[in-house]
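Chemist: dropping the sequence and predicted coords here.
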There are 2 protein chains.
Amino acid sequence: MSESDFNDLPAHVWPRNACRQEDGVVTIAGVPLPEIVEEYGTPVFVVDEDDFRSRCQDMARAFGGPEHVHYASKAFLTRTIARWVDEEGLSLDVASRNELEIALRADFPADRITAHGNNKGDGFLRACVTNGVGHVVLDSEQELVDLDTIAAAEGRVQKVMIRVKPGIEAHTHEFIATSHEDQKFGFSLASGSAFRAAEAAVRAENLELVGLHCHVGSQVFDARGFTAAADRVLSLYSRIHAELSVQLPELDLGGGYGIAYTEDEQPLNVDKVAHDLLTAVAKTAAELGIEAPAVLVEPGRAIAGPGTVTVYEVGTVKDVTVSEDEQRRYLSVDGGMSDNIRPALYGSLYDARVVSRFTEGAEVSSRLVGSHCESGDILIRDAAFPDDIVPGDHIALAATGAYAYAMSSRYNAVNRPAVVTVRAGKSKLMLRRETVEDFLALEG
Amino acid sequence: MSESDFNDLPAHVWPRNACRQEDGVVTIAGVPLPEIVEEYGTPVFVVDEDDFRSRCQDMARAFGGPEHVHYASKAFLTRTIARWVDEEGLSLDVASRNELEIALRADFPADRITAHGNNKGDGFLRACVTNGVGHVVLDSEQELVDLDTIAAAEGRVQKVMIRVKPGIEAHTHEFIATSHEDQKFGFSLASGSAFRAAEAAVRAENLELVGLHCHVGSQVFDARGFTAAADRVLSLYSRIHAELSVQLPELDLGGGYGIAYTEDEQPLNVDKVAHDLLTAVAKTAAELGIEAPAVLVEPGRAIAGPGTVTVYEVGTVKDVTVSEDEQRRYLSVDGGMSDNIRPALYGSLYDARVVSRFTEGAEVSSRLVGSHCESGDILIRDAAFPDDIVPGDHIALAATGAYAYAMSSRYNAVNRPAVVTVRAGKSKLMLRRETVEDFLALEG
């Protein structure tokens, strides 16, 4: 990386409305990040609202309309987010009773909600039925029976899908066609248990089977894993049609749409993958002599991830002699594994830049670490930073909108950061910063 | 594991006051776990108060008095825990401003508190000085200067230690004598930066250097790593004595005292390790011709870990064909990576048992998983469970007192569990279960 590059904000990694001003300050949607720091403190998540909405629109366009796209709320959910998703016309996936509750509190239309989970439990299933949740994705025989019973008691017919393990596992640019049976989710296609579940759902008086669901992986960058899975699952549509005389109208191919976390990654090309996938589904359905089901997808990260940054303040700067011929600079910031567990949990990489000014230093081998009392509290293990970063500078990590706040903890009793949305030159608090009082309140 | 063993509660893993009654129900301190489930719901952490206190006492006895033992609050801290530690006469380590705040709110005597952290920041340092915190462990040159300035402004002299990297890394029964320079904490012994920091601290007008600190690792099971580190650090005591004419009265050797998470592990023998360590320190000091400093230690996990269990309710039970000749039973419980990230984060192992009744089944290859919408949400990857576990059974994981609740998240918008203490046949709520309202309150 040449020295001038430290001031770049790679457009495929940073929020769509991020830019560095002539004075070196980074703005998002016209709001200078130092102003946000001044008003809300650090660490702080900054969400580019138009970025989030535009990715909803991109997905909707690519997949033939917003009704084909379910936002996976596990990536990040607040009532505000649920309202944005609703306004963009997308549907919503929830994977817990509380995620459902948050969506309902935002007046998200229940019939556009799909409920997931390997162990939903009676309370969640009942809440789905009584609130009129659009789809419940069934994950076990036991759940099928329980849901049928609950629906009967409520005098309703619940639309359901069956979660199928297609035996395909997709990662980045590869997929494995002989794996992924050994997981907690779904019914096996190969063993016939998926067909038996479909048959049971068709026969259940209070369930209406509308389709099959599968999910092939995370951070997938091309269509092949999805189409390979769709091919296999469509064979089950064909069998269900032949043996049960049921034409299932929908096929949910789950999420996993990859985003770029670092400059040298490229995000999945949504238009191309959607085109390839829809073409493949139509072709396979035609070959099987069945009507092509409507394809549904469930992006979470691909919608919520890229539009958010986390801004930290640099605290201590320490040079460490790693070996005779190697030095490393440790830059500590005022957050860490509590607000972003992904580097520690998954070895995830991030792009970080000084956002409060231009930097002019030469490259120095660096490590960006948090403030927790744990040596594994590392945000970026191998970072190339300019050597002029000093305490008080502000650094932002890009693409932190998914699975960062959502998985945040209070390790070392820290306060969860504030989450601020920006749009058209204005900032607005979405989630206030926690205080020690929030923690103490639990102790009564 | 023979079939009858499923009903055992290995004493070196489970709380000291856990036992299985004649009716098969497990009690802790005389309180049946099903009663706790009935009253507080699941998942629930159950803390054996006498176990916690007895381990404080064990450590105090082994190391020559409670004043030698600092409880590392990062393992788990509430005001109740701080009061127990105070009543047992131990000192307390804090690693953030909020941990300090919680301790002070419990009226923990500030002069028995030690402050840690690689990036404490101005606010935390100032809070230490103004509240009269006993020791601040200095971690960088910058912090040394800042703390001196703050102490001057407050008209106080702050007692400090220097955190030293001794170049020793200890893991379980091994230690590596040529590593661990490449980390965010401390000053290097080898490079001379630790001596220079000590010299600066001695010369600083508003700081009083009382000792050096080092920490060699986690889950250590014998004394050799500690004594090797102590040997090296004592050489610096000798140099400080010779060149700065200062006799440092204290030596803090940190934490890392290993506990047993599974039946085939054995916890560190505290008495033996303490004896070996104190003997070695006395011997080395004599050889160096210096007075032996008082040895301080900082157990967190070894005090908080073994006395707590997490009780879950079994939801779905699913048999999966892994390969032609391998089946695996997936048991889903109503918690998971949100209340215990350690298996996913560190690959940690746990011992789990049915606690609501006797089990009589034959062994079946099992995996204990949580309810989160993530395939990596696994509590025990390879578990041997009896095959008679059914939905509604209650399973407890043992030794979850350290770094489980402390690192808990709200992933999938779940509620953090309740934490209940038990003693002499009575239960008491320590931390109430979170509700969705707690989450919604942040959004205003």
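Modeler: Right, received. Where do you want to start? None of these values were measured; they are calculated from a predicted model.
Chemist: how much space between A:Leu248 and chain B?
Modeler: With distances taken as CB to the nearest CB, to the nearest Å, A:Leu248 is found 23 Å from chain B. Every C-beta, even on glycine, is put in place using the N, C-alpha and C of the backbone.
Chemist: excluding covalently adjacent residues, which one is nearest to that residue?
Modeler: Computed as CB to CB, 6 or more residues apart in numbering or on different chains, the closest residue to A:Leu248 that is not its neighbour in sequence is A:Gly211, at 4.8 Å.
Chemist: next one, pLDDT for that neighbour please.
Modeler: Per-residue confidence for A:Gly211 comes out at a pLDDT of 98.
Chemist: ditto for the one 4 residues further on
Modeler: Reported pLDDT at A:His215 in the predicted model: 94.
Chemist: that one contacts A:Phe185, correct?
Modeler: Yes - counting by CB atoms under 8 Å, A:His215 sits close enough to A:Phe185 to count as a contact (7.2 Å).
Chemist: anything in the top helix by length along chain A near chain B?
Modeler: Counting by DSSP state H, the longest helix found in chain A is helix A:224-244. No - using CB under 8 Å from any CB of the partner chain, no contact is recorded between helix A:224-244 and chain B, whose separation bottoms out at 14.8 Å.
Chemist: packing partners for that helix?
Modeler: Counting contacts by 3 or more CB pairs under 8 Å, 6 or more residues apart in numbering or on different chains; DSSP states H and E, helix A:224-244 is packed against strand A:169-172, strand A:174-176, helix A:193-203, strand A:207-213, strand A:250-252, helix A:270-288.
Chemist: same thing but at 6 Å, please
Modeler: Counting contacts by 3 or more CB pairs under 6 Å, 6 or more residues apart in numbering or on different chains; DSSP states H and E, helix A:224-244 is packed against helix A:270-288.
Chemist: need the contact partners of the helix it packs on.
Modeler: Applying CB atoms under 6 Å, 6 or more residues apart in numbering or on different chains, the external contacts of helix A:270-288 come out as A:Asp58, A:Ala62, A:Phe63, A:Ala223, A:Phe226, A:Thr227, A:Ala230, A:Asp231, A:Leu234, A:Ser238, A:Ala292, A:Val295.
Chemist: quick check, distance from the following helix or strand past it to the centre of its chain.
Modeler: Per DSSP states H and E, helix A:270-288 leads on to strand A:294-296 as the next helix or strand towards the C-terminus. Offset of strand A:294-296 from its chain centre (CA atoms, centre = their mean, to the nearest Å): 19 Å.
Chemist: need the contact partners of strand A:294-296.
Modeler: Outside strand A:294-296, the residues within contact range by CB under 6 Å, 6+ apart are A:His68, A:Glu250, A:Leu251, A:Asp252, A:Leu278, A:Val281.
Chemist: just name the closest of those residues to B:Ile162, please.
Modeler: Distance to B:Ile162, by CB to CB, is smallest for A:Asp252 among those, at 58.5 Å.
Chemist: point to the residue nearest the middle of chain A.
Modeler: A:Arg301 (2.7 Å; CA atoms, centre = their mean).
Chemist: was I right to think that one contacts A:Ser73?
Modeler: No - taking CB atoms under 6 Å as the definition, A:Arg301 is not a contact partner of A:Ser73, at 11.7 Å.
Chemist: pLDDT wise, what is A:Tyr237 at?
Modeler: Spelled out, the predicted local distance difference test score at A:Tyr237 is 98.
Chemist: what is the neighbour count of it?
Modeler: Residues within reach of A:Tyr237, counting by other CB atoms under 10 Å in any protein chain shown, total 24.
Chemist: just A:Ala60 next, same as before
Modeler: A:Ala60 has 17 neighbouring residues, counting by other CB under 10 Å.
Chemist: show the backbone phi and psi for it.
Modeler: Note on A:Ala60: its backbone torsions stand at phi -60, psi -40 [degrees, to the nearest 10].
Chemist: ok, and the closest non-adjacent residue to it?
Modeler: Looking at A:Ala60 with CB to CB, 6+ apart, the closest residue is A:Pro66, at 3.9 Å.
Chemist: tell me if A:Glu437 really is in a helix.
Modeler: Yes - checked against DSSP: H, G, I helix; E, B strand; the rest coil, A:Glu437 lies within a helix.
Chemist: list the buried residues for the lowest-mean-pLDDT helix or strand in chain A?
Modeler: Least confident helix or strand, chain A: strand A:174-176 with a mean of 78, by mean pLDDT, DSSP states H and E. Within strand A:174-176, the residues scored as buried using 16 or more other CB atoms under 10 Å in any protein chain shown are A:Phe175.
Chemist: what's downstream of that strand, the next helix or strand?
Modeler: Sequence order places strand A:187-188 as the next helix or strand after strand A:174-176, per DSSP H and E.
Chemist: who touches that next one?
Modeler: Taking contacts as CB under 6 Å, 6+ apart, the residues outside strand A:187-188 that touch it are A:Val164, A:Lys165, A:Glu181, A:Ser193, A:Ala194, A:Ala197.
Chemist: how far does it sit from the chain's center?
Modeler: Its chain's C-alpha centre lies 24 Å from the corresponding centre of strand A:187-188 when counted by CA atoms, centre = their mean.
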